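Peer 1: got a sequence here, can you model it:
(2 chains)
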Amino acid sequence: MAVLSLKDVGYTYEKTTKPVFRGLSADFEAGRVYCIVGKSGAGKTSLLSLLAGLDTCTEGTILYEGEDLSRLDRDDYRAKKIGVVFQGYNLLLNKSALENIELSMAISGVRRKDSRAYALALLESVGIDEETAGRRVLSLSGGEQQRVAIARALSHEPDLLLADEPSGNLDRVTEKDVMKILVDLAHSQNKCVIIVTHSQKVTRCADEIWGLNKGGGLVYMGTGGEAG
Amino acid sequence: MYILKNALQNLFRNTGRNLLTAAIFLLVITMSCVALVVYNGSNSMAEQYKDRLSTEVLLNVDDRKVSEAAGEDDTFRRPTLTDELIQKLAASPYLKKTVYSAQMEAIADELKYSNPVDKRDIEMQRAGEDLVKTRRPQYYLYGFEDVSQAEAFQGGKVKLIEGGFPTAEDECVISDTLAELNGLKPGDTFQAKSIYYTDKQGRALEKMTLKVSGVYHWDYDEGEMNVDSDIFTKYRLLTDPRYTYEPVFQASFFLKNPRDLDAFAQEAYAAGLSEYYKLSTDAVAYDAFVKPVEQMGTISLIFLCVVLALGAAVLLILSSLVVRERKYEIGVLRAMGMKKGKVAAQLILESVLIMAVCLALGVALGSLFSQPITDLLLSHQMSQALGGPTLAGGTGAYSFGGLATENTPITHISAALSLTTVTELAGIALVLTAAAGAVSTACAMKYEPMRILRERN
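Peer 2: Numbers count the residues shown, from 1 in each chain, chains lettered A, B, ... in the order given. Sure thing, here's the model as predicted:
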């Protein structure tokens, strides 16, 4: 069964009449990496917001494990079921990288005796050492903040990972490492990974690539290998 | 638990914002503490003072009306207060207490005295009465239920230096001058009699034998009249018909509240008090001493209301601004799945933590400033009050033979912090925190995470 399914999903901003997109239908399954590509303004980030439960679609339904997302406790859904890597990272700036991870774990109700060690290990896995982990987010570079955002999204071991331009601020080496983590999550840990991106390098890692057309629908474009 | 941890982290990491909030909280609590301490202190003092205040009813015969009546009617007799009437008046519910006293002009030919007085007989006629033979007084006898309560002794200028106050009806306290001149000491006796030879009905008056129970000394101020001739005894002796022409029997009535004078007067006239009597009271002293303290309470209450209104307004505005400033943080927390209730709880918890610290500091600071401010206000209020109307007798001047009115100005109000004040402050702190928390929560609840993050990004 698909982790996430879109059934004729459409979205129109408040106080506007023209839909950003409509009639989107797709199934996202566990163990696969999906990339959603499209031109600027096609509604990629809006779609991600709907999938993340931060907003509700104005048409159609989104099903999470067969249940209508609009009927679920969306706070719980965000806290426990999914991890989101936002384009702007959306980290808590007055906290350290480590505290961001720990707080995310606390909100999602993850109980670990070694939560600090776990958070440090997670940060280590995305290339953030202990010293950097203790620094306030505001003093970290864009690339470091992005890695912290990825670590935070993984901190509560979600079934579904949504990422908006996850490698946007990363150097080539780190981008490769991050993508490896995301692919491993899907292939080794059977998670569903959905990435919104412009990067062709990123799409090469995808199992499926979907194109989002402005005002239109979602079109299957093939696999990463084909796209590359 | 993580909410508390997060709230504590936020408090220490956003020091500028939190210090500003804390400064306002602290100011409001400190000023409220001072206002409450002054208010509670002055209220309690006013109540205590009202309780022990002696608002004496002055019962005076209107001499002008008496003269007019005597001129029109030869049979008219000057009205007096009978024992029966006094007892009726004394039972009035408007009275706090009744103090009995009497006085007599007397002679004691066997005693030596410092101021020679003509011993020849003279004739005297009181309004509406027949001509009677009398002598000039050498001594003035003042009788009280309890001599120690006489104004002379209460005022502090007259001090008992030997023996004690009278306990038996025939005992008396004499001046040290009189004692020295005549070699009298406690336990000695001497004789004295009224300046009248007969009573009003023409019966011959007897001599009284007085036993010295104590000796007093009066510290004269320069220019003050020597009153060594005052003798203090029990009032019953001076109202004994064997010794007195007509008992000049006095009862001092003390009202519970000076505002009850009219009601008491109506009751007194209904009980049989002659219309020739005028009733007045020492309301000036009441107004002079209690009103300023009550005004202090009112001032502090108004001050408290202003502080709370302004403080609350500033805090509410600040709370809404702080939440606006923290919009992004709220958006992130909500995007991470933190429920609205928990976000609100965290905001309120931060306010509670700040307020708890400010409450402790504010109470400490407030109690530090309360006493000097209370003293300053009291001194200002009293100087204004005492600089106003002239006070009725007994509030400052001493007059031998009169009764102490106990109406001494309030010179000190204890501004100690009571449990009641601390509880009230805690209540104020709670209300302010709740109001600030409610505004924060209401603002925070309006924000949808996606909109906040979209605006930010």
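
Peer 1: check contacts around the nearest residue to residue A:86 once chain neighbours are set aside.
Peer 2: Spatial nearest neighbour of residue A:86, excluding adjacent residues (CB to CB, 6 or more residues apart in numbering or on different chains): residue A:164 at 5.7 Å. Where C-beta positions appear, they are placed from N, C-alpha and C, glycine not excepted. Residue A:164 makes contacts with A:44, A:45, A:48, A:84, A:85, A:86, A:87, A:196, as judged by CB atoms under 8 Å, 6 or more residues apart in numbering or on different chains.

Peer 1: how close does the first one get to chain B?
Peer 2: When you say that, I think you mean residue A:44. In this view, residue A:44 and chain B are 13 Å apart by CB to the nearest CB, to the nearest Å.

Peer 1: now the closest residue in space to that residue that isn't next to it in sequence: how far from residue A:158?
Peer 2: Once flanking residues are discounted, residue A:44 sits nearest to residue A:196: 4.4 Å by CB to CB, 6+ apart. Distance from residue A:196 to residue A:158, counting by CB to CB, to the nearest Å: 17 Å.

Peer 1: looking at these two, which has the bigger crowd around it?
Peer 2: Taking neighbours as other CB atoms under 10 Å in any protein chain shown, residue A:196 and residue A:158 compare with residue A:196 leading, 27 against 21.

Peer 1: does the more buried one touch residue A:48 like I think?
Peer 2: Yes: counting by CB atoms under 8 Å, residue A:196 does reach residue A:48; the two are 5.1 Å apart.

Peer 1: intersection of neighbour lists for these two?
Peer 2: Listed contacts common to residue A:196 and residue A:48 are A:36, A:162, A:164; contacts here mean CB under 8 Å, 6+ apart.

Peer 1: nearest to residue B:168 among these?
Peer 2: Nearest to residue B:168 out of the shared contacts of residue A:196 and residue A:48 is residue A:162 (CB to CB; 106.0 Å).

Peer 1: coming back round to it: among the contacts of residue A:164, name the ones in strands.
Peer 2: If you go by DSSP state E, the contacts of residue A:164 have A:84, A:85, A:196 in strands.

Peer 1: tell me the contacts of the first one?
Peer 2: I take that to be residue A:84. Contacts for residue A:84 were tallied using CB under 8 Å, 6+ apart; they are A:48, A:52, A:78, A:153, A:161, A:162, A:163, A:164, B:335.

Peer 1: just the residues you listed: which are in helices?
Peer 2: Among these, the ones falling in helices (DSSP state H) are A:48, A:153, B:335.

Peer 1: save the contacts of residue A:84 as CSV, and put in pLDDT too.
Peer 2: Shown next, in CSV, are the contacts of residue A:84 (pLDDT from 0 to 100):
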residue, pLDDT
A:48, 90
A:52, 92
A:78, 92
A:153, 92
A:161, 94
A:162, 94
A:163, 92
A:164, 89
B:335, 90
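
Peer 1: pick the one among the residues you listed closest to residue B:261.
Peer 2: Nearest to residue B:261 out of those is residue B:335 (CB to CB; 75.2 Å).

Peer 1: longest helix of chain A?
Peer 2: Secondary structure of chain A per DSSP H: the longest helix is helix A:172-189.

Peer 1: of the ones in helices among the contacts of residue A:84, grab the buried ones for PyMOL.
Peer 2: Selection of buried members from the ones in helices among the contacts of residue A:84 for PyMOL, criterion 16 or more other CB atoms under 10 Å in any protein chain shown:
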select buried, (chain A and resi 48+153) or (chain B and resi 335)
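
Peer 1: now the ones in helices among the contacts of residue A:84 in a markdown table, with distance to residue B:418?
Peer 2: Compiled in a markdown table, the ones in helices among the contacts of residue A:84 are given as follows (distance: CB to CB, whole Å):
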| residue | distance to residue B:418 |
| --- | --- |
| A:48 | 61 |
| A:153 | 56 |
| B:335 | 49 |
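
Peer 1: residue B:231: which of the ones in helices among the contacts of residue A:84 is nearest?
Peer 2: Ranked by distance to residue B:231 (CB to CB), these are led by residue B:335 at 96.8 Å.

Peer 1: residue contacts, that closest one?
Peer 2: Per CB under 8 Å, 6+ apart, neighbours of residue B:335: A:52, A:54, A:78, A:84, A:86, A:90, B:449, B:450, B:453.

Peer 1: now the chain, which segments are flagged as low pLDDT?
Peer 2: You didn't say which chain, so I picked chain A. Regions of chain A meeting the criterion pLDDT under 70 cover residues A:215, A:225-228.

Peer 1: should've been chain B
Peer 2: Under the criterion pLDDT under 70, the flagged ranges of chain B are B:50-54, B:126-128, B:155, B:221-227, B:248-249, B:282-286, B:288, B:384-411, B:456-457.

Peer 1: quick one, helices of the stretch 1-150 of chain B?
Peer 2: Counting by DSSP state H, counting those that start in this stretch, the segments of the stretch 1-150 of chain B that form helices are B:2-13, B:15-52, B:63-72, B:83-90.

Peer 1: sec struct for the residue of chain B found nearest chain A, please.
Peer 2: For chain B and chain A, the shortest gap (CB to the nearest CB) falls at residue B:337, measuring 2.5 Å. Following DSSP: H, G, I helix; E, B strand; the rest coil, residue B:337 is assigned to coil.
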